[in-house]
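Enquirer: Provide a 3D model corresponding to the input given below.
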Amino acid sequence: MTRVLLTRMSSLGDVIHTLPAATDLRRALPQAQLDWIVEEDYAPLVRLHPGVTRVVPIALRRWRRQWWRRSAWREIAALRRRLREQRYDAIIDTQGLLKSALVARLARGPVHGFGPRTAREPLATRLYRTHAEFSPADHKVERYRQVPARALGYTPGALDYGLAAPPRPAAAPAGRYAVLLHSTARADKLWGEAHWIELGRWLQARGLAAVLPWGSDAERARAQRLAAAIPQAAVPPRLALLEAAGLIAHAALVVGVDTGLMHLAAALRVPVVGVFCGSEPLDAHPLGTGPIAFAGAPGRPPPPREIIGLAERFA
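Expert: Numbering: from 1, shown residues only. Have a look, this model is predicted:
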């Protein structure tokens with residue numbers, strides 16, 4: 001049996017972008033054991049992929065906050081023991097950071113990853129046996145698919161994230177609705193609140209209730225301000241990752257800034273419109289087999305009428 005280990009720990013969007021690589025590996029090597037190291041917050045999503053044999057949660061973010069605690073060091077030791085239980089035929093690092101390369105080297109087996117011109121931290125490439133270089137125009141999904149393909153000698157097939165739609169959560173409206181992903185960790189990626197209000201009112205006139213999920217107190221406050229100005233808009237309670245995935249999966253439309261949940265909509269084949277304000281869509285635009293559109297660029301946020309025009313194709 002071929003044993004393969006994927007190392008893609010974060011962020012949410014990049015974890016989603018790595019899912020097609022797991023599909024490719026399973027197609028090419030149907031009898032293989034495929035393990036995946038991922039941050040504990042994202043482990044439930046990776047477990048939805050039927051081709052992943054074993055999910056290995058890691059808690060680097062939590063350990064950094066608790067590095068002085070014995071419990072953290074015990075967890076680190078347990079992770080190392082777990083990764084060294086067997087030898088892998090290939091360890092694939094699609095993160096390209098020194099921390100991800102070091103985690104990959106905790107396991108036993110040859111590590112494959114990006115070349116120094118592609119890796120975000122070129123020093124990490126010294127820990128790889130083979131290197132894969134890409135053009136800046138190559139989409140992240142294709143980069144992440146090609147690293148294992150080149151290392152193991154197969155050709156990726158049709159794009160497939162391998163995800164089935166999670167159940168519709170209780171927080172979802174009974175009728176047709178659109179999910180507006182208005183929040184992101186980077187302020188430069190945000191779209192103006194007046195823009196969201198104009199879009200939400202247009203959606204309401206089309207018979208679609210606007211649903212405004214959130215993940216922090218500041219995001220909840222923004223969602224409540226928007227909902228107060230958009231007729232019939234709903235602000236759900238804070239949702240766990242799989243609940244948010246279910247909300248997105250059963251939506252008639254998703255409009256979102258460049259955030260992981262927007263890319264999850266593309267992975268779930270839900271009609272999605274991406275709004276780019278502070279990030280480059282060249283290699284990170286929504287990519288999938290469902291209806292997709294996007295607009296904007298760093299420093300050039302799209303006007304509401306442009307996003308409405310794109311949404312009109314799907315709504």
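Enquirer: now stretch 136-154: buried residues?
Expert: 139-149, 151-152 (16 or more other Cβ atoms under 10 Å). The way it works is simple: take the backbone N, C-alpha and C, and place the C-beta from them, glycine included.
Enquirer: my error: substitute stretch 117-135 in the last question.
Expert: Here stretch 117-135 shows 118-119, 124-125, 128, 131-132, 134 as buried, counting by 16+ other Cβ under 10 Å.
Enquirer: which residues are in contact with it?
Expert: The contact list for stretch 117-135, computed with Cβ atoms under 8 Å, 6 or more residues apart in numbering, reads 93, 95-98, 100-102, 104-105, 110-116, 142-143, 146-147, 150-151.
Enquirer: redo that, cut-off 7 Å
Expert: 93, 96-98, 100-101, 105, 110-116, 143, 146-147, 150-151 (Cβ atoms under 7 Å, 6 or more residues apart in numbering).
Enquirer: so how far is it off the chain centroid?
Expert: From the chain centre to the centre of stretch 117-135 is a distance of 21 Å (Cα atoms, centre = their mean, to the nearest Å).
Enquirer: for stretch 57-72, same thing?
Expert: 23 Å.
Enquirer: try stretch 165-180
Expert: With Cα atoms, centre = their mean as the basis, stretch 165-180 stands 20 Å off its chain's centre.
Enquirer: kindly report the same for stretch 137-153.
Expert: Centroid separation between stretch 137-153 and its chain, computed with Cα atoms, centre = their mean, is 16 Å.
Enquirer: average pLDDT across that stretch?
Expert: Stretch 137-153 shows a mean pLDDT of 97.
Enquirer: cool, stretch 101-115 as well?
Expert: Stretch 101-115 comes out at a mean pLDDT of 97.
Enquirer: which outside residues touch that stretch?
Expert: 5, 7, 37, 58, 80, 83-84, 87-93, 96, 119, 124-125, 127-133, 147, 151.
Enquirer: what strand or helix carries residue 34?
Expert: Taking DSSP states H and E as the definition, residue 34 sits inside strand 33-39.
Enquirer: coming back round to it: which one of the buried residues of stretch 117-135 is nearest residue 252?
Expert: Nearest to residue 252, judged by Cβ to Cβ, of the buried residues of stretch 117-135 is residue 134 at 35.2 Å.
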